[in-house]
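1. I'd like to go over a predicted model; first the sequence, then the structure.
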Amino acid sequence: MPLILRRQLPKEQFYEGFENISRPHFTLLCFLLKENNKTLFDLWGYAINDRQKSHAEELVINKMEKYLVENISPTAEKYKVTFYLSYSPCANCCFHIIEFHKKFKDKIHMNIKMSRDYYLNDLNVQRCLRDLLKTDISIKVMDRNDFAKCHYLFVEDGNTAVFEPWPGLETSYDFFSKQLEILLDLLVQSEETEADGEERNIDNSVRLCCNTEAYQSAHHSGDCNLHRAPYLTPKKNVRGEEETTSQFHTPRKVGPSDERRGVGVRRTLFK
(Lines give C-alpha, C1' and ligand atoms only; values in the text may rest on other atoms or scores of the structure.)
Protein backbone atom coordinates (compact mmCIF):
# COMPACT_ATOMS: atom_id res chain seq x y z
CA MET A 1 0.00 0.00 0.00
CA PRO A 2 1.81 3.19 -1.16
CA LEU A 3 -0.27 5.50 1.10
CA ILE A 4 0.86 5.21 4.71
CA LEU A 5 -1.20 6.90 7.44
CA ARG A 6 -0.12 7.63 11.03
CA ARG A 7 3.28 6.03 10.48
CA GLN A 8 6.72 7.59 10.46
CA LEU A 9 9.04 7.40 7.49
CA PRO A 10 12.20 5.25 7.65
CA LYS A 11 15.29 7.47 7.77
CA GLU A 12 16.89 5.87 4.71
CA GLN A 13 13.77 6.46 2.64
CA PHE A 14 13.65 10.13 3.65
CA TYR A 15 17.20 10.80 2.46
CA GLU A 16 16.76 8.71 -0.68
CA GLY A 17 13.65 10.64 -1.63
CA PHE A 18 14.52 14.18 -0.58
CA GLU A 19 18.25 14.60 -1.21
CA ASN A 20 18.16 17.32 -3.84
CA ILE A 21 21.49 16.33 -5.40
CA SER A 22 20.08 13.17 -7.02
CA ARG A 23 17.13 12.04 -9.17
CA PRO A 24 15.36 9.06 -7.57
CA HIS A 25 12.98 6.88 -9.60
CA PHE A 26 10.01 7.59 -7.35
CA THR A 27 8.08 10.48 -5.85
CA LEU A 28 7.87 10.77 -2.07
CA LEU A 29 5.18 12.95 -0.51
CA CYS A 30 4.91 13.71 3.22
CA PHE A 31 1.62 15.37 4.09
CA LEU A 32 -0.46 16.73 6.93
CA LEU A 33 -3.88 18.32 7.35
CA LYS A 34 -4.72 20.83 10.08
CA GLU A 35 -8.14 21.99 11.23
CA ASN A 36 -8.04 25.36 12.95
CA ASN A 37 -4.28 24.85 13.45
CA LYS A 38 -4.78 21.41 15.03
CA THR A 39 -3.14 18.47 13.26
CA LEU A 40 -5.60 15.75 12.19
CA PHE A 41 -3.71 12.50 12.57
CA ASP A 42 -6.22 10.63 10.41
CA LEU A 43 -4.71 12.57 7.50
CA TRP A 44 -1.02 12.58 8.43
CA GLY A 45 1.62 10.39 6.84
CA TYR A 46 3.43 9.82 3.59
CA ALA A 47 2.84 8.39 0.14
CA ILE A 48 4.94 6.96 -2.69
CA ASN A 49 3.79 6.56 -6.27
CA ASP A 50 2.01 3.27 -6.87
CA ARG A 51 3.63 1.06 -9.49
CA GLN A 52 1.98 1.72 -12.87
CA LYS A 53 -1.14 3.13 -11.16
CA SER A 54 -1.26 6.45 -9.33
CA HIS A 55 1.12 9.25 -8.47
CA ALA A 56 1.69 10.09 -4.81
CA GLU A 57 -0.12 13.42 -5.14
CA GLU A 58 -3.19 11.76 -6.61
CA LEU A 59 -3.27 9.14 -3.84
CA VAL A 60 -3.18 11.80 -1.12
CA ILE A 61 -5.64 14.16 -2.83
CA ASN A 62 -8.19 11.36 -3.23
CA LYS A 63 -7.83 10.40 0.43
CA MET A 64 -8.13 13.97 1.67
CA GLU A 65 -11.11 14.72 -0.55
CA LYS A 66 -12.97 11.67 0.75
CA TYR A 67 -12.17 12.58 4.35
CA LEU A 68 -13.26 16.21 4.00
CA VAL A 69 -16.51 15.32 2.22
CA GLU A 70 -17.40 12.97 5.07
CA ASN A 71 -15.96 14.91 8.02
CA ILE A 72 -15.66 18.61 7.23
CA SER A 73 -16.63 20.62 10.27
CA PRO A 74 -19.01 23.57 9.92
CA THR A 75 -17.20 25.23 12.83
CA ALA A 76 -13.77 24.98 11.21
CA GLU A 77 -12.53 28.36 10.07
CA LYS A 78 -9.80 26.95 7.89
CA TYR A 79 -8.10 23.71 6.93
CA LYS A 80 -4.41 23.84 6.10
CA VAL A 81 -2.82 21.25 3.80
CA THR A 82 0.98 20.95 3.67
CA PHE A 83 2.83 18.83 1.10
CA TYR A 84 6.55 18.07 1.27
CA LEU A 85 7.30 16.71 -2.20
CA SER A 86 10.47 15.12 -3.54
CA TYR A 87 9.52 16.46 -7.02
CA SER A 88 7.37 19.36 -8.14
CA PRO A 89 3.98 18.18 -9.45
CA CYS A 90 3.67 16.89 -13.01
CA ALA A 91 1.01 18.34 -15.31
CA ASN A 92 -1.59 15.73 -14.41
CA CYS A 93 -1.01 16.13 -10.66
CA CYS A 94 -1.27 19.92 -10.99
CA PHE A 95 -4.74 19.35 -12.46
CA HIS A 96 -5.79 17.11 -9.54
CA ILE A 97 -4.46 19.60 -6.99
CA ILE A 98 -6.28 22.51 -8.66
CA GLU A 99 -9.58 20.60 -8.81
CA PHE A 100 -9.24 19.63 -5.14
CA HIS A 101 -8.52 23.24 -4.21
CA LYS A 102 -11.50 24.52 -6.20
CA LYS A 103 -13.83 22.11 -4.44
CA PHE A 104 -12.79 23.31 -0.97
CA LYS A 105 -11.34 26.74 -1.74
CA ASP A 106 -13.41 28.51 0.92
CA LYS A 107 -12.06 26.16 3.58
CA ILE A 108 -8.62 25.07 2.37
CA HIS A 109 -5.22 26.72 2.26
CA MET A 110 -2.46 24.70 0.57
CA ASN A 111 1.33 24.86 0.92
CA ILE A 112 3.50 22.83 -1.46
CA LYS A 113 7.21 22.52 -0.74
CA MET A 114 9.34 20.66 -3.28
CA SER A 115 12.87 19.29 -3.07
CA ARG A 116 13.62 19.50 -6.80
CA ASP A 117 12.00 20.37 -10.12
CA TYR A 118 10.07 17.96 -12.31
CA TYR A 119 10.49 18.68 -16.03
CA LEU A 120 10.26 22.46 -15.84
CA ASN A 121 11.48 22.48 -19.45
CA ASP A 122 8.27 20.75 -20.52
CA LEU A 123 5.82 23.31 -21.89
CA ASN A 124 2.77 21.39 -20.68
CA VAL A 125 4.21 21.23 -17.15
CA GLN A 126 4.91 24.97 -17.31
CA ARG A 127 1.34 25.75 -18.29
CA CYS A 128 -0.12 23.54 -15.58
CA LEU A 129 2.16 25.09 -12.97
CA ARG A 130 0.99 28.48 -14.15
CA ASP A 131 -2.61 27.39 -13.60
CA LEU A 132 -1.60 26.15 -10.16
CA LEU A 133 0.02 29.46 -9.32
CA LYS A 134 -3.06 31.38 -10.43
CA THR A 135 -4.76 30.01 -7.34
CA ASP A 136 -3.68 31.03 -3.85
CA ILE A 137 -1.76 27.78 -3.45
CA SER A 138 1.75 28.43 -2.16
CA ILE A 139 4.63 26.61 -3.86
CA LYS A 140 8.32 26.91 -3.02
CA VAL A 141 11.61 25.03 -3.18
CA MET A 142 12.62 23.39 0.10
CA ASP A 143 15.54 25.02 1.87
CA ARG A 144 17.59 23.59 4.73
CA ASN A 145 15.01 24.59 7.34
CA ASP A 146 12.23 22.90 5.36
CA PHE A 147 14.22 19.66 5.12
CA ALA A 148 14.94 19.79 8.85
CA LYS A 149 11.28 20.37 9.71
CA CYS A 150 10.13 17.58 7.40
CA HIS A 151 12.71 15.29 9.02
CA TYR A 152 11.47 16.22 12.49
CA LEU A 153 7.80 15.74 11.61
CA PHE A 154 7.87 12.56 9.57
CA VAL A 155 11.04 10.52 10.12
CA GLU A 156 11.42 7.73 12.68
CA ASP A 157 12.92 9.26 15.83
CA GLY A 158 13.11 12.56 13.97
CA ASN A 159 12.49 14.47 17.21
CA THR A 160 15.71 13.11 18.73
CA ALA A 161 17.84 12.34 15.68
CA VAL A 162 19.68 15.32 14.19
CA PHE A 163 18.93 16.19 10.58
CA GLU A 164 22.08 15.58 8.56
CA PRO A 165 22.41 17.99 5.62
CA TRP A 166 24.24 16.56 2.62
CA PRO A 167 27.05 18.18 0.58
CA GLY A 168 25.56 20.26 -2.23
CA LEU A 169 22.21 20.92 -0.50
CA GLU A 170 22.55 24.71 -0.59
CA THR A 171 23.93 24.75 -4.15
CA SER A 172 21.07 22.60 -5.40
CA TYR A 173 18.56 24.73 -3.51
CA ASP A 174 19.94 27.87 -5.17
CA PHE A 175 19.75 26.18 -8.56
CA PHE A 176 16.17 24.94 -8.26
CA SER A 177 15.01 28.18 -6.65
CA LYS A 178 16.47 30.13 -9.55
CA GLN A 179 14.74 27.80 -12.00
CA LEU A 180 11.40 28.40 -10.33
CA GLU A 181 12.01 32.14 -10.11
CA ILE A 182 12.85 32.37 -13.82
CA LEU A 183 9.87 30.20 -14.70
CA LEU A 184 7.50 32.45 -12.73
CA ASP A 185 8.90 35.55 -14.43
CA LEU A 186 8.50 33.92 -17.83
CA LEU A 187 4.99 32.80 -17.03
CA VAL A 188 4.03 36.35 -16.15
CA GLN A 189 5.56 37.58 -19.41
CA SER A 190 3.79 34.81 -21.31
CA GLU A 191 0.47 35.73 -19.73
CA GLU A 192 0.93 39.37 -20.69
CA THR A 193 1.85 38.33 -24.24
CA GLU A 194 -1.19 36.06 -24.51
CA ALA A 195 -3.36 38.93 -23.30
CA ASP A 196 -2.11 40.87 -26.33
CA GLY A 197 -3.29 38.05 -28.58
CA GLU A 198 0.15 36.59 -29.30
CA GLU A 199 1.53 33.14 -28.62
CA ARG A 200 4.83 32.60 -26.88
CA ASN A 201 6.72 29.37 -26.46
CA ILE A 202 8.66 29.75 -23.25
CA ASP A 203 10.21 26.29 -23.32
CA ASN A 204 13.50 27.43 -24.79
CA SER A 205 13.69 30.39 -22.43
CA VAL A 206 13.48 28.17 -19.35
CA ARG A 207 16.51 26.27 -20.62
CA LEU A 208 18.47 29.39 -19.75
CA CYS A 209 18.15 28.26 -16.13
CA CYS A 210 21.11 25.99 -16.85
CA ASN A 211 23.26 29.08 -17.33
CA THR A 212 22.57 30.44 -13.85
CA GLU A 213 25.41 30.97 -11.42
CA ALA A 214 24.06 28.23 -9.14
CA TYR A 215 24.10 25.67 -11.92
CA GLN A 216 27.57 26.63 -13.10
CA SER A 217 28.79 26.34 -9.52
CA ALA A 218 27.30 22.87 -9.19
CA HIS A 219 28.70 21.89 -12.57
CA HIS A 220 32.27 22.70 -11.63
CA SER A 221 32.38 22.05 -7.89
CA GLY A 222 31.66 18.32 -7.89
CA ASP A 223 29.60 18.78 -4.71
CA CYS A 224 26.46 17.34 -6.27
CA ASN A 225 25.20 15.21 -9.14
CA LEU A 226 23.43 17.97 -11.06
CA HIS A 227 26.30 18.32 -13.51
CA ARG A 228 26.03 14.65 -14.42
CA ALA A 229 22.36 14.68 -15.39
CA PRO A 230 20.59 17.99 -14.72
CA TYR A 231 17.37 16.73 -16.34
CA LEU A 232 17.56 13.07 -15.37
CA THR A 233 14.01 13.13 -14.04
CA PRO A 234 11.66 10.13 -14.14
CA LYS A 235 9.00 10.99 -16.68
CA LYS A 236 5.46 10.06 -15.64
CA ASN A 237 2.09 10.15 -17.35
CA VAL A 238 -1.52 9.64 -16.30
CA ARG A 239 -1.13 5.86 -16.28
CA GLY A 240 2.17 5.96 -14.42
CA GLU A 241 4.01 4.64 -17.49
CA GLU A 242 7.33 5.85 -18.82
CA GLU A 243 6.99 8.39 -21.60
CA THR A 244 9.28 7.30 -24.42
CA THR A 245 8.81 10.56 -26.31
CA SER A 246 10.69 12.55 -23.71
CA GLN A 247 13.57 14.61 -25.04
CA PHE A 248 15.55 13.81 -21.89
CA HIS A 249 17.31 10.61 -20.82
CA THR A 250 14.80 9.28 -18.31
CA PRO A 251 15.14 6.36 -15.92
CA ARG A 252 12.14 4.11 -15.51
CA LYS A 253 9.90 5.32 -12.70
CA VAL A 254 9.03 2.54 -10.27
CA GLY A 255 7.55 2.22 -6.83
CA PRO A 256 9.52 1.64 -3.63
CA SER A 257 11.50 -1.56 -3.19
CA ASP A 258 11.61 -1.12 0.59
CA GLU A 259 8.45 -2.64 2.06
CA ARG A 260 8.97 -1.14 5.51
CA ARG A 261 5.99 0.87 6.68
CA GLY A 262 7.65 2.94 9.37
CA VAL A 263 6.56 3.19 12.98
CA GLY A 264 3.66 4.89 14.72
CA VAL A 265 3.63 8.55 15.72
CA ARG A 266 5.12 9.04 19.17
CA ARG A 267 5.55 12.79 19.59
CA THR A 268 3.95 16.19 19.39
CA LEU A 269 4.21 17.90 16.02
CA PHE A 270 5.07 21.47 15.18
CA LYS A 271 2.11 23.79 15.52
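-> Arrived safely, thanks for sending. Since this is a predicted model, take the numbers as computed values, not measurements.
2. mind giving me the packing neighbours of the helix or strand hosting C93?
-> Assigned by DSSP states H and E, C93 falls within helix 91-103. On a contact count with 3 or more C-beta pairs under 8 Å, 6 or more residues apart in numbering; DSSP states H and E, helix 91-103 meets helix 56-71, strand 108-116, helix 123-134. All C-beta atoms are positioned from the backbone trio N, CA, C, and that covers glycine.
3. please report how far K140 lies from L85.
-> K140 is 11 Å from L85, where distance means C-beta to C-beta, to the nearest Å.
4. pretty sure V155 sits against L9.
-> Yes: the pair formed by V155 and L9 meets the contact definition of C-beta atoms under 8 Å, at 5.2 Å.
5. the more surrounded of these two?
-> In this view V155 and L9 are compared by other C-beta atoms under 10 Å, and L9 has more residues nearby, 26 against 23.
6. so who does that one touch?
-> Residues near L9 by C-beta atoms under 8 Å, 6 or more residues apart in numbering: L28, C30, Y46, F154, V155, E156, G262.
7. mind picking the one among the residues you listed that's closest to F14?
-> Distances from the contacts of L9 to F14 were compared by C-beta to C-beta; the smallest belongs to V155, at 4.8 Å.
8. out of the helices and strands packed on helix 91-103, flag the one nearest A161.
-> Going by C-beta to C-beta, the one of the helices and strands packed on helix 91-103 nearest A161 is strand 108-116, 19.0 Å.
9. from K134, how far out is the closest residue to L129 other than its chain neighbours?
-> Closest residue to L129 apart from its sequence neighbours, by C-beta to C-beta, 6 or more residues apart in numbering: C94 at 6.1 Å. As judged by C-beta to C-beta, C94 and K134 stand 11 Å apart.
10. between those two, which one's more packed in?
-> Using other C-beta under 10 Å, the more surrounded residue of C94 and K134 is C94, with 24 against 11.
11. hmm, L132 and the more buried one touching each other?
-> Yes: applying C-beta under 8 Å as the test, C94 and L132 come out as touching, 4.8 Å apart.
12. strand partners of the longest strand along the chain, parallel vs antiparallel please.
-> If you go by DSSP state E, the chain has its longest strand at strand 38-48. Using DSSP bridges, the neighbouring strands of strand 38-48 in the sheet come out as strand 3-5 (antiparallel), strand 28-35 (antiparallel).
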